[in-house]
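can you look at this prediction? I've put the sequence above it.
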Amino acid sequence: MKKTTPKTTAKELLSETGGELHQVAGGTHPSMTNQTGTIVSDDENSLKAGPRGPSLLEDQFLLEKTQHFDHERIPERIVHARGFGAHGFFELTHSLVGVSKAGVLNRIGEKVPVFTRFSTVAGNMGSSDLARDVRGFAVKFYTPEGNWDLVGNNIPVFFIQDAIKFTDLIHSVKQEPDRGFPQAQSAHDTFWDFVSLMPESTHMLMWIMSDRAIPRSLRMMEGFGVHTFRLVNASGNSTFAKFHWRPKLGMQSVCWDEAVKISGADPDFHRRDLWNAIADGSFPEWELAVQLFDQEFAQKYEFDVLDATKLIPEEILPLKVIGRMVLNRNVENYFAETEQVAYRVSNVVPGIDFSNDPLLQGRLLSYVDTQLSRLGGPNYQQIPINAPKCPFANMQRDGHMQTQAQAGRVSYSPSSLESNTPRQSPGEGFRTFEEPVGEAKLRIRAESFADHFSQANQFFYSQTETEQNHIISAFIFELSKVETLAVRERMVGQLANVDPAIAKRIAAGLGLQGAIKAAPTKVKVRDGLSPSLALSILAKAKATLEGRTVGCLIADGSDGALIKSLKAATEKAGANFKIVAPKVGGAIAEDGTLFEADFQLAGGPSVLFDTVYVALSDEGTQQLCSEVAAVAWVHDAFAHLKVIGGTAASQPLLDAAGVVVDDGVLTGISAAAFLKTAAKGRIWKREPSVRTIF
Ligand code: HDE
């Protein structure tokens, strides 16, 4: 829409047209125009033949406005439809000069702009943020040598080994085609039917059933490039690389029951959290690290580095931190930026190249292709969010939505008629690594991809006992939703190959009768792979409240000085302090101070907070003991293993909520002491007392 100079105020406009006064008067507003700049005199009434007559076809303003509206939506992404993005920068802190000639990996201190989009995979655009799912972690680096898109996930492995199975995987996990449900769920027959017949998915299933699939915040997730990539130096020599993002705030996840309830209380929990953090100036940050290795390592390593269902533990190949990414600017328009951003795995710059991973190879086509139907034509790279920030020139012309008037007679090469046409640059241009290829053409899966269970076992036994319990519970939950008994049984049979003990626990939770029959395997499952602590969230959890949220329940009569000191101490710890009260207007403390509420009680359940404090007086406690939302507030915080602080007066509410005193239930102590315990995270020891561990 063209911007015009202010001519009228809303008030004047309305008085001219006689419209209802439903705009707030004041300020200066540009005159509204149609798409071609004609000023609109009346945006309230369509053109009619008489006050009660039929509308007229010549109402160009109505027609244009309606037509634009009719086409406001574009097809959502087939996968990763629900996403949220932000702008920021990447800064190199350790140069890979000698390993890669990419400027973005060579020039220490240079700030390269990025646009990062996080997403869930299975759900449609309007689904909940907290679905159990892998999260997309896609970063577009606008480097001076062209755009580099690192389109990764928050889990380092994938379900399948060969791109030809991707369509089947996604068809199985999305809504079942006859009924159109379930939405954003893997807990249904078709998904488990497929994966139980695809043993290669077992390692990924372990991850997806772990707490990695229910992150507390997008700011608290790791990211991975997943595939092995190649880096190429100025002499044309190549080094293999795997990319890792490490969140500065540490990793954290929610409990499954909490995820389910957050989905109801705030389906936008993750996007709101990211938006607010950036808006408040608490910019999320990640380290970029690489695992570098050569052909010799690749040959010696016990799994195939081209197999995307496998990882290389960092205990075997340590991570080298090379830079940091900071997200410091929210989008101005969700559609223009987050929806229209088009990541392409094939966007690389000189010095970064692909490996032969058959999943990666398939992705090189898919991302380019899908944009044609999503964004409507071959010029989608010209949309500002996709356009490079470096000069670009080629002989591509015309097409839908061409935005540039490409001057000149010459649109081909070689040519001699003009002196300023773009030419190839053999020296500085992108060159594919010269890898010898000279084998028979085959449709085959390499033998070296055949072990589907050993790393699944390694992942499980790299987890703390608590995390192992969560994986078992997640399998039980998901398979309980599968209606076909044979599928449940077959899946447990696959898991028996990971470890009969795991299969036995899941079978017990499902109430499966009869002996578990292990599915046939092609190769002997390795035992004795050393556990990797880096694969556990809890083993490397940070004891911090930074970036977390403290929820404080108050009512009339609460202790004002206590609330103030708690707020100050919380903010000093880098956390957010949110007040929940029976009325959103707030509560009046015993000293007469009005504390405005961030949430009304029923709209601010404790699942939205990392730790909670019940700051009630005798009077407030008495009032809230008969309020089910208050009882549930405390009960859920206890069930979700949170540290609960409270005044001595709030004890009857804790009792009504069934709270049993343990290390994480602290009444009548100072704000500082409460926060010190809360920073340690959840009280995992409490778990067996609140839910069955199979
Ligand atoms: Fe994607 N994937 N994918 N994928 N993927 C898409 O591209 C595809 C895979 C990933 O925020 C689509 O623009 C194939 C692995 C992310 O816009 C589509 C295969 C990984 C995003 C597509 C894979 C990913 C996508 C849908 C198997 C982790 C969201 C819309 C060969 C390394 C990017 C679009 C965003 C999106 C295809 C497997 C990550 C259809 C064919 C493995 C983060 O092109």
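Noted; the coordinates are in hand.

confirm Y613 sits in a strand?
Yes: assessed with DSSP: H, G, I helix; E, B strand; the rest coil, Y613 lies in a strand.

who is it paired with across the strands?
C552, G645 (DSSP bridges).

now swap in T239 and tell me
L231.

and it, how many neighbours?
19 (other C-beta atoms under 10 Å). All C-beta atoms are positioned from the backbone trio N, CA, C, and that covers glycine.

from memory it sits against L292, does it?
Yes: here T239 reaches L292: they are 5.3 Å apart, a contact under C-beta atoms under 8 Å.

and for these two, which residues touch both?
Counting by C-beta atoms under 8 Å, 6 or more residues apart in numbering, the common neighbours of T239 and L292 are 99, 231.

contact partners for L624?
Each residue near L624 by C-beta under 8 Å, 6+ apart is listed here: 553, 555, 582, 616, 630-631, 653.

at 10 Å instead, please
553, 555, 582, 601, 614, 616, 630-631, 633-634, 650, 652-653, 656 (C-beta atoms under 10 Å, 6 or more residues apart in numbering).

out of those residues, which sit inside helices?
Counting by DSSP state H, the part of the contacts of L624 found in helices is 630-631, 633-634, 652-653, 656.

just the buried subset of those residues, written out for ChimeraX, thanks.
In ChimeraX, a selection of the buried entries from those looks like this (16 or more other C-beta atoms under 10 Å):
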select :630,631,633,634,653,656
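
got TSV for the ones in helices among the contacts of L624, with pLDDT and distance to N469 too?
Output for the ones in helices among the contacts of L624, formatted as TSV (pLDDT from 0 to 100; distance: C-beta to C-beta, whole Å):
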residue	pLDDT	distance to N469
A630	98	30
V631	98	27
W633	98	25
V634	98	24
P652	98	32
L653	98	29
A656	98	28
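
check the ones in helices among the contacts of L624 and tell me the two furthest apart.
Farthest-apart pair in the ones in helices among the contacts of L624 is W633 and P652; separation 14.2 Å (C-beta to C-beta).

got the residues of the stretch 251-400 of the chain near the ligand?
Proximity of the stretch 251-400 of the chain to the ligand is confined to 308, 341-343, 359, 362-363, 366-367, 370 under the rule C-beta under 6 Å from any ligand atom.

switch to 5 Å and redo it
With C-beta under 5 Å from any ligand atom as the criterion, the stretch 251-400 of the chain meets the ligand at residues 343, 359, 362-363, 366-367, 370.

export those residues to JSON lines and tack on pLDDT and neighbour count?
Converted to JSON lines, these look like this (pLDDT from 0 to 100; neighbours: other C-beta atoms under 10 Å):
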{"residue": "Y343", "pLDDT": "98", "neighbour count": "21"}
{"residue": "L359", "pLDDT": "98", "neighbour count": "21"}
{"residue": "G362", "pLDDT": "97", "neighbour count": "17"}
{"residue": "R363", "pLDDT": "97", "neighbour count": "21"}
{"residue": "S366", "pLDDT": "96", "neighbour count": "17"}
{"residue": "Y367", "pLDDT": "96", "neighbour count": "17"}
{"residue": "T370", "pLDDT": "96", "neighbour count": "16"}
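
what is the nearest of those to L197?
Distances from L197 to these, taken by C-beta to C-beta, are shortest for L359, at 18.4 Å.

surely the closest one is in a strand?
No: under the criterion used here (three-state DSSP), L359 is helix, not part of a strand.

that one contacts V226, doesn't it?
Yes: with contacts counted by C-beta atoms under 10 Å, L359 reaches V226, the gap being 8.1 Å.

now do the end-to-end distance for stretch 179-190.
12 Å (C-alpha to C-alpha, to the nearest Å).

what do you get for stretch 378-397?
10 Å.

can you mark which positions in that stretch are buried?
For stretch 378-397, the neighbour count (16+ other C-beta under 10 Å) marks 378-381, 383, 385-386, 388 as buried.

picking that back up, joint contacts of L359 and V226?
Each of 158, 308-309 lies in contact with both L359 and V226 under the rule C-beta under 10 Å, 6+ apart.

which of these are buried, as a PyMOL select command?
In PyMOL, selecting the buried portion of those, with burial taken from 16+ other C-beta under 10 Å, looks like this:
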select buried, resi 158+308+309
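
closest to the ligand out of the shared contacts of L359 and V226?
Proximity of those to the ligand, judged by C-beta to the nearest ligand atom, is greatest for F158, which lies at 4.1 Å.

name the nearest residue to the closest one, ignoring sequence neighbours.
A308 (4.5 Å; C-beta to C-beta, 6 or more residues apart in numbering).

got a list of what the one you found touches?
156-163, 200, 204, 226-228, 357-360, 363, 449.

mind listing which of those residues are in helices?
204, 358-360, 363.

pipe those residues into JSON lines and attach distance to T190 per row.
Formatted as JSON lines, these follow (distance: C-beta to C-beta, whole Å):
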{"residue": "M204", "distance to T190": "17"}
{"residue": "P358", "distance to T190": "24"}
{"residue": "L359", "distance to T190": "21"}
{"residue": "L360", "distance to T190": "26"}
{"residue": "R363", "distance to T190": "23"}
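
circling back: out of the buried residues of stretch 378-397, which is nearest to A679?
The nearest member of the buried residues of stretch 378-397 to A679, counting by C-beta to C-beta, is I385 at 38.1 Å.

how about that closest one, phi and psi?
Per-residue torsions, I385: phi -70, psi -20 (degrees, to the nearest 10).

give me the element A474 is part of.
helix 465-480 (DSSP states H and E).

would you mark the buried spots in that helix?
Using 16+ other C-beta under 10 Å as the test for burial, helix 465-480 gives 466-479.

how about low-confidence regions in the stretch 501-650 of the chain?
For the stretch 501-650 of the chain, no stretch has pLDDT under 70.

nearest to the ligand: which residue in it?
Counting by C-beta to the nearest ligand atom, the stretch 501-650 of the chain gets nearest the ligand through L535, at 17.3 Å.

surely that residue and M251 touch.
No: the criterion here is C-beta under 10 Å, and L535 misses it with M251 at 11.0 Å.

compare those two and say which one has the larger neighbour count.
Of the pair L535 and M251, L535 is the one with more neighbours under other C-beta under 10 Å, namely 25 against 21.

of all of the stretch 201-350 of the chain, which residue lies closest to the ligand?
Counting by C-beta to the nearest ligand atom, the stretch 201-350 of the chain gets nearest the ligand through V226, at 3.5 Å.

mind listing the strands for the stretch 501-650 of the chain?
All strands of the stretch 501-650 of the chain, identified by DSSP state E, counting those that start in this stretch, fall at 549-553, 576-581, 587-588, 594-595, 599-600, 611-614, 644-646.
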